[in-house]
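**Student:** build me a structure from this.
(one chain, ligands or ions: 1)
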Amino acid sequence: MYGSYAAAEDNSFSHAFPQPVILIDAGHGGIDGGTSHGDILEKDINLEIGRRLYVILRSQGYRTILNRTGDYALSDDNRWLRSRSRHLRDLAQRKQLSEELPSEIVISLHVNWGKNNSKRGPIVLHQSEGRSAFLASSIQNSLNNLYSTSSLPQIGKPFYLLNHVDCPAVIVETGFISNTEDRTLLNSKRGQQKIAEAIYGGILQYFTAI
Ligand SMILES: [Zn+2]
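**Tutor:** Coordinates of the predicted model:
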């Protein structure tokens, strides 16, 4: 239960966020648009869904951080990793942010693309760890209800974020930008709201059971 942390106030702890927070990572940003279809960019969809999820979680009393609130790359102001690879700096910034904040869970938002445009539906990727797998299946079930799909969550072995973040983290591929039906949902305000609500439903289920 999330509420069990409510009493753990410690004034000697100088952190701006003394209680565990939910970190929402809106994937990509700035010159890194992620995947796309025409002028529809993944980075914009991730940000819209992230903002909506942020508002819902905050309204329900969860301490929540959205790691970007505008269209910029996290690598632009990376303080931690002086790598020449913008992509690596970007990834390191995401990981470092989750360490500086006492994150309880990390939800990384992305959009999928498939060569076969009949491929559709959400896929949630998780770490090879029980709580992450449970969080992923909770969110997957909730999104499957919205999309009328029966996709299964998957272990996200090659993903930097999942390998480098210590708390339970998941990557939510909210749908396929290459599929007409998914794209309609991903690219409309109503669809983005429904997706955010479905992700919230999964998070709620996770915190109710943990
Ligand atoms: Zn992505």
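
**Student:** G130: neighbour count?
**Tutor:** 10 (other Cβ atoms under 10 Å). For every residue, glycine as well, the C-beta is placed using N, CA and C.

**Student:** just use 34 as the starting number from now, easier for me
**Tutor:** Happy to do that; since the first residue is 34 now, the last one works out to G163.

**Student:** show me what contacts it?
**Tutor:** G163 makes no contacts at all, as judged by Cβ atoms under 8 Å, 6 or more residues apart in numbering.

**Student:** close to the ion, is stretch 195-213?
**Tutor:** No. Counting by Cβ under 5 Å from the ion, the ion has no neighbours in stretch 195-213; the shortest distance is 7.7 Å.

**Student:** got the end-to-end distance for that stretch?
**Tutor:** End-to-end span of stretch 195-213 (Cα to Cα, to the nearest Å): 29 Å.

**Student:** for it, buried residues please.
**Tutor:** For stretch 195-213, a neighbour-count test (16 or more other Cβ atoms under 10 Å) marks 195, 198, 200-212 as buried.

**Student:** is T217 in contact with G224, as I believe?
**Tutor:** Yes. Between T217 and G224 there is a contact under Cβ atoms under 8 Å: 6.6 Å.

**Student:** neighbour count winner among those two?
**Tutor:** More crowded of T217 and G224, by other Cβ under 10 Å: G224, with 20 against 12.
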